[in-house]
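K.L.:
When you get a sec, could you give me coordinates for this:
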Amino acid sequence: MTGNPIDDCWRCAGTNWWEDRQRLADCGIGFGRNALGGKGGPYYVVTDPSDRDPVNPSPGTLRHAAIQEGPLWITFARDMTIRLNEELLVNSYKTLDGRGASVHVAGGACITLQYVSNVIIHNLHVHDCVPAGDANVRSSPTHAGWRTRSDGDGISLFSAREVWVDHCALWRCADGLVDAIMGTTAVTVSNSYFAHHDEVMLLGHSDGYAPDSGMQVTVAFNHFGVGLVQRMPRCRRGYFHIVNNDYTAWQMYAIGGSAGPTINSQGNRYIAPANPNAKEVTKRVDTEEGQWNDWNWRTEGDMMVNGAFFVPSGEGLEAIYDKASSVDPKSAALVDQLTMGAGVLGGPRDNGEAAAYAGLNYAGSATGGGGGVAGGGGNGYGYLGMVYGSSGDWSCRSCSMLSLTTLVLALICLHPL
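P.N.:
Coordinates of the predicted model:
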C-alpha cells in the first residue's frame, strides 16, 4: 500500500484497473467524495482529437462525449492533444478518464463545468489555455447557446457541485489553473501537479458574493511545484481543508484569503523560497490586521522548511473547524510518500523541468504514440508529457517499511517539542 487513500483504493485493489475503471468513482475523499462521475453508465471512447464545430460536434470527439445526457465514462483511444476552439462544456454525470493514454487539453480553450454536478476529471494534462467565446457552443444534445468571452482558466467551476479533479497536471493558462466560483461547492482537488503559473487556484467569486459562504473545498495530496507565484489556493468566505500537500516554493505566498474564510491547514510541507521577504505561507488579501484577527485560520502538524511560517488567527476551537474538515490528515513527514504520484500517471518524472520546457512547440494535434515516453516528446509538446508524469509505475508500491529518520520526523510532527 502507498498510504495515499485514493491510490490505494483503485491501484491496490487486487484487480486490474483497466478491467474495472469505474472503481475509481468509489475512491474519492474530501468534500468532493460523493462525485459519481459516469459511474454506472456506458463507456465512450474518444477517437478524434479535433474540435471543428463546437455547435455540432462530430461523434468520436471529446466535445460530443462531454455534452451527452446521463452517466458516461469517457476514455481515450490513444495519445492525443485536443486543442479546443471554444470552452468544453461538460454535462453532469461524466468522468473524463485519461488513464492509459497521454492526453493534453492544451493550446486553446479548456474545461468548464457550469450549473452541473457529479463530474470526475482524472489523469489529464491541461495547459496553455487561452480565452475564447463570443460564439455559440453546444452544452447538451438539445441546447446550444451564446457564450461570452471566457477568462482562459484550465478548469473552471461555475455553480457546480460534487466535482473531483484527480491526478491532473496543470500549468501556464491565461487566468487560473483551477477556479471555483458562484456558489460552487463539494469539490476535491487531489493528487495533481501545478507548475509555472501566477494565480494558481481561486476559490470564491468575490468578497461580496454571499452564496460562496457555504463553499467547501478539499485540496489534498497535491504537489505545488516550480515556477508558482500565489493562490495555492486563494479563498473567499467558505470552508477549505488544505491537507498533506507538498509546497515546493512560491514567489509571493502559498495560501491567501479575504472575506473571512475558514482555512484548516493540516499535515502539509511548506518549503519557503530563498527570498527573505516571502517566507510567510499566508496572506490576508487587501485586509488590515484588525479586520482579520477573528478569521479562523489554523496550522496543525504542518512542516515548515527554509524559514516558512504560517500566521494563524481566530479562536482555534476544534468545533469551529468541523465544516473545514473532510479527511483524516497524515503526518507531514509522509508527504513525499503521499505525493509521489502527484500529476498524470504513466510517464517518468523529469526533474530537469527548465530544460524540458525548451522543447515546447505547437506542432499540431499529434495523435500517435510517444507522449510521455523517454526519448520522444509526442503530442506536439516536446517533453512536457514527461515533466508532469509520475515515476511511470502504475502498480501498487509497498511503503510499509519506513526509515528510522522518517519515523522520527513523523513523531516530531505529531508531538512537537
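K.L.:
for this protein, where's the lowest mean pLDDT among helices and strands?
P.N.:
Across the helices and strands of the chain, mean pLDDT, DSSP states H and E gives its lowest value to helix 384-387, namely a mean of 28.
K.L.:
Do a quick rundown of the helices in this protein.
P.N.:
Counting by DSSP state H, one finds helices in the chain at the ranges 5-11, 62-66, 289-292, 335-338, 353-357, 384-387, 404-414.
K.L.:
Let me see the mean pLDDT of the longest one.
P.N.:
The average pLDDT for helix 404-414 rounds to 43.
K.L.:
just stretch 115-129 next, same as before
P.N.:
Here the average pLDDT along stretch 115-129 is 98.
K.L.:
May I see the buried residues of that stretch?
P.N.:
116-129 (16 or more other Cβ atoms under 10 Å). Bear in mind the C-beta positions are built from the backbone N, C-alpha and C, glycine included.
K.L.:
Straight-line length of it, end to end?
P.N.:
21 Å (Cα to Cα, to the nearest Å).
K.L.:
do the same with stretch 31-51
P.N.:
Stretch 31-51 has its terminal residues 33 Å apart, counting by Cα to Cα.
K.L.:
mean confidence for it?
P.N.:
pLDDT averaged over stretch 31-51 gives 98.
K.L.:
Sort out which residues of it are buried, please.
P.N.:
31-33, 35-39, 41, 44, 46, 48-51.
K.L.:
Stretch 132-143 now?
P.N.:
Buried residues in stretch 132-143, counted by 16+ other Cβ under 10 Å: 132, 137-139.
K.L.:
Identify those among those residues that sit within strands.
P.N.:
Using DSSP state E, the members of the buried residues of stretch 132-143 that fall in strands are 137-139.
K.L.:
Of those residues, which is the nearest to residue 12?
P.N.:
Nearest to residue 12 among those is residue 139, at 37.5 Å by Cβ to Cβ.
K.L.:
Next up, the contacts around that closest one.
P.N.:
67, 89, 91, 114, 145 (Cβ atoms under 8 Å, 6 or more residues apart in numbering).
K.L.:
Please name the residues that touch residue 96.
P.N.:
By Cβ under 8 Å, 6+ apart, the neighbours of residue 96 are 62, 66, 74, 90, 111, 119-122, 124.
K.L.:
Over to residue 45?
P.N.:
Counted by Cβ under 8 Å, 6+ apart, residue 45 has contacts 74-77.
K.L.:
for residue 38, same thing?
P.N.:
Neighbours of residue 38 in contact, by Cβ under 8 Å, 6+ apart: 22, 25, 71-74, 93-95, 120.
K.L.:
likewise residue 22?
P.N.:
38-40, 73, 95.
K.L.:
now residue 107
P.N.:
If a contact means Cβ under 8 Å, 6+ apart, then residue 107 has 81, 83, 128, 130, 362 as its contacts.
K.L.:
With distance to residue 250 added, can I get the residues you listed in a markdown table?
P.N.:
Putting the contacts of residue 107 into a markdown table (distance: Cβ to Cβ, whole Å) gives the following:
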| residue | distance to residue 250 |
| --- | --- |
| 81 | 29 |
| 83 | 30 |
| 128 | 21 |
| 130 | 24 |
| 362 | 29 |
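K.L.:
Got a quick ChimeraX command for the buried subset of the residues you listed?
P.N.:
Of the contacts of residue 107, the buried ones can be selected in ChimeraX as follows, counting by 16+ other Cβ under 10 Å:
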select :81,83,128,130
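K.L.:
Identify the farthest-apart pair in the contacts of residue 107.
P.N.:
Using Cβ to Cβ, the two most remote members of the contacts of residue 107 are 81 and 130, lying 14.4 Å apart.
K.L.:
just to revisit the earlier point, now, which of the contacts of residue 22 lie within strands?
P.N.:
Short answer: these in strands (DSSP E) are 73, 95.
K.L.:
so which two of the contacts of residue 22 are the farthest from each other?
P.N.:
40 and 95 (10.7 Å).
K.L.:
Point out where the chain drops to low pLDDT.
P.N.:
Scanning the chain for pLDDT under 70 picks out the ranges 347-417.
K.L.:
run the last query once more with 80
P.N.:
316-318, 346-417 (pLDDT under 80).
K.L.:
Mark which of the contacts of residue 107 are part of strands, please.
P.N.:
Using DSSP E, the contacts of residue 107 in strands are residue 81.
K.L.:
Looking at the contacts of residue 107, spot the one nearest residue 220.
P.N.:
residue 128 (25.8 Å).
K.L.:
Quick check: the closest one touching residue 106?
P.N.:
Yes. Here residue 128 reaches residue 106: they are 4.9 Å apart, a contact under Cβ atoms under 8 Å.
K.L.:
What's the end-to-end length of stretch 127-144?
P.N.:
Note: stretch 127-144 ends 26 Å apart using Cα to Cα.
K.L.:
now swap in stretch 130-139 and tell me
P.N.:
19 Å.
K.L.:
so how far is that stretch off the chain centroid?
P.N.:
23 Å (Cα atoms, centre = their mean, to the nearest Å).
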